[in-house]
Structures are given as structure tokens and as C-alpha cells.
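S.K.: Sequence first, then the predicted structure, then my questions.
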Amino acid sequence: MSAAGMIAEARKSLGMSGRPNKITKEYASRHGDEFLSAAWCDMAVTYWARHSGNASAVLPGGDRAYTPWHAEDFQKIGRWHNGTTANVTEAKPGDIVFFDWGSSNSIGAIDHVGVVEKVLGGGRLQTIEANTDNACKRRVRGSGVIAGYGRPAYGGGNWTEDMVKKLPELNKGDSGEHVESLQGLLQARSHPEVSMTGRFDDATEAAVKAVQRWGGVTDDGVVGPKTWPVLLRVH
């Protein structure tokens with residue numbers, strides 16, 4: 001499980017529009033045909049979580065299409081943060097963010113949901129949302145309409161050696177999705193100073209060098225919580 005995996009799955013849906021679509025069809029196959037043409041913002045979060053191996057972290061109460069219930073699931077396990085400007089500024093990529101167009105922080109008033117892609121500072125987030133103008137799009141939202149967010153217990157999951165090999169060698173100053181994938185891996189492995197900026201910066205370089213000193217891959221080819229691949233190199 002990882003925030004990076006959740007975000008990568010959400011990006012695959014960008015540009016999808018209309019309904020029924022593959023997200024509503026999959027949800028309806030489990031929960032009934034009434035969902036084929038229903039509001040699909042939380043169905044999309046459910047879809048992304050299930051297809052990225054993050055269901056247990058993102059869906060602590062199981063599949064969700066009704067946003068207040070989903071927010072309540074996070075509240076019940078102590079992973080809910082109200083949408084104050086201070087709290088929103090502390091959000092992280094991969095958090096599940098809930099909106100109230102009436103500008104309250106009340107869970108019962110929640111209208112919409114998405115996943116945090118980037119934290120922009122000052123109570124502003126870049127998100128990926130489905131069912132926004134009946135499509136999946138990137139949006140920039142401010143704390144005024146953010147009711148709060150849930151912090152999934154991603155825990156980093158188990159990254160296999162093959163997964164890590166897909167990351168190319170990176171130079172300081174590089175940018176793009178490979179850097180974001182690396183930053184998501186580092187962040188999930190208890191390097192909180194690393195943020196998913198998409199730019200290979202000083203904090204990312206320092207974390208990679210710490211990884212290189214720490215260790216390698218376990219005998220079964222899995223990157224465990226205390227073993228790191230030595231395949232990542234800064235040159």
C-alpha cells in the first residue's frame with residue numbers, strides 16, 4: 001500500500017467523463033444497478049483504492065459511494081482532520097479530502113470527495129476528483145470548501161525489487177512522475193521531510209543517501225520496513 005500508488009491510479013482516470021462508465025459499472029456490479037448513473041466521486045475513490053492495493057487503508061469501512069459515511073469511517077478510527085486552514089496546510093499527498101460547498105466543517109454536510117495530489121500551501125490543495133462537471137479532473141481547492149480529510153494508514157506497503165527497478169537513475173534537479181514515485185516511496189518509509197514536489201531536491205537526495213547506507217532487499221525480493229533497495233543511485 002502507498003500514497004504514490006493511490007495517486008498513480010487516480011491519474012489513470014483523468015479525462016474520463018459521462019456515466020455509466022467503467023467506475024460506476026464496477027461499483028454497480030457489486031452493489032446494484034442504481035449506482036450505474038449515480039454521483040460517482042466516491043465510487044471513483046473506491047475504484048482507485050481497490051485497483052492500487054490500498055482498499056484496507058482508504059476504505060476502512062469498505063466500499064463507499066456516500067461521502068459522509070466515508071468521512072465517518074475515518075473519524076471512527078481516529079484518522080479524521082477537520083478542514084481548518086492550519087489542518088489543510090498539513091495535508092499530505094494521498095489523503096482523501098472531503099468538500100462541503102456550504103463552507104462548513106460538518107461531516108453531515110459533505111457534498112464531494114477527491115484525493116490530494118499536491119499540497120500547495122496556505123490551505124490550498126491540488127486534487128484529483130471524479131464527478132466534477134461529470135468528469136475526472138484536477139482541481140485546486142481552498143480550505144473554505146474543505147470539510148476535512150482522512151489520512152489513510154498506507155504504511156508504505158511492500159515494494160518488490162522489480163517495482164523499484166522501474167525507477168530510473170535520477171539526478172538532482174530532475175522532475176516528473178518518476179521523481180514523484182520515488183518521493184512517495186520515501187515518504188511512506190518514514191522520511192516525512194520529503195514532499196511530493198515532483199522535483200529531485202535536497203531533501204529527496206538526503207533521504208536516498210540514507211537509504212543507500214541502510215541496506216538492501218530481503219531474500220524473498222520484498223523491500224521490507226527495515227530493508228531498502230540499493231538500486232537507487234544519485235549521480
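M.R.: On my side now, so go ahead.

S.K.: tell me the contacts of the residue nearest the centre of the chain?
M.R.: Nearest residue to the geometric centre of the chain (CA atoms, centre = their mean): Gly94, 2.1 Å. Remark: with contacts taken as CB atoms under 8 Å, 6 or more residues apart in numbering, Gly94 is in contact with Ser2, Ala3, Ala4, Met6, Ile7, Val115, Val116, Pro152, Tyr154, Gly184. (C-beta placed from N, C-alpha, C; glycine too.)

S.K.: try 7 Å
M.R.: For Gly94, the contact set (CB atoms under 7 Å, 6 or more residues apart in numbering) comprises Ala3, Met6, Ile7, Val115, Val116, Pro152, Tyr154.

S.K.: What ranges does the protein have for its strands?
M.R.: 80-82, 96-99, 112-121, 124-132, 135-142, 146-150, 159-160, 222-223 (DSSP state E).

S.K.: a markdown table for the ones you listed, including mean neighbour count?
M.R.: Below are these laid out as a markdown table (neighbours: other CB atoms under 10 Å):
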| stretch | mean neighbour count |
| --- | --- |
| strand 80-82 | 19 |
| strand 96-99 | 28 |
| strand 112-121 | 22 |
| strand 124-132 | 22 |
| strand 135-142 | 17 |
| strand 146-150 | 27 |
| strand 159-160 | 18 |
| strand 222-223 | 19 |
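
S.K.: With Tyr66 as the reference, name the closest of the ones you listed.
M.R.: strand 112-121 (9.9 Å; CB to CB).

S.K.: how far out from the middle of the chain is the closest one?
M.R.: Distance of strand 112-121 from its chain centroid, counting by CA atoms, centre = their mean, to the nearest Å, is 8 Å.

S.K.: what helices or strands is it leaning on?
M.R.: Judged by 3 or more CB pairs under 7 Å, 6 or more residues apart in numbering; DSSP states H and E, strand 112-121 is in contact with helix 3-12, helix 41-51, helix 67-76, strand 96-99, strand 124-132, strand 135-142.

S.K.: average pLDDT across that strand?
M.R.: Mean pLDDT, strand 112-121: 95.

S.K.: Strand 135-142 and that strand, what's the angle between them?
M.R.: Interaxial angle of strand 112-121 relative to strand 135-142 (axes from the mean of the first three to the mean of the last three CA atoms, to 10 degrees): 50 degrees.

S.K.: Let's see strand 112-121 as PDB, backbone CA atoms only.
M.R.: Taking Å, rounded to 0.1, in the frame of the first residue of the first chain, the C-alpha atoms of strand 112-121 are listed here in PDB:
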ATOM      1  CA  HIS A 112     -18.000  15.700  -2.600                       C
ATOM      2  CA  VAL A 113     -14.600  13.900  -2.300                       C
ATOM      3  CA  GLY A 114     -11.300  13.600  -4.100                       C
ATOM      4  CA  VAL A 115      -7.700  12.600  -3.400                       C
ATOM      5  CA  VAL A 116      -4.900  15.000  -2.600                       C
ATOM      6  CA  GLU A 117      -2.200  15.100  -5.400                       C
ATOM      7  CA  LYS A 118      -0.200  18.000  -4.200                       C
ATOM      8  CA  VAL A 119      -0.100  20.300  -1.200                       C
ATOM      9  CA  LEU A 120       0.200  23.900  -2.400                       C
ATOM     10  CA  GLY A 121       0.500  25.700   1.000                       C
END
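
S.K.: quick one: that strand to helix 41-51, angle?
M.R.: When the same axes, to 10 degrees is applied, the directions of strand 112-121 and helix 41-51 differ by 70 degrees.

S.K.: Appreciated, that's everything.
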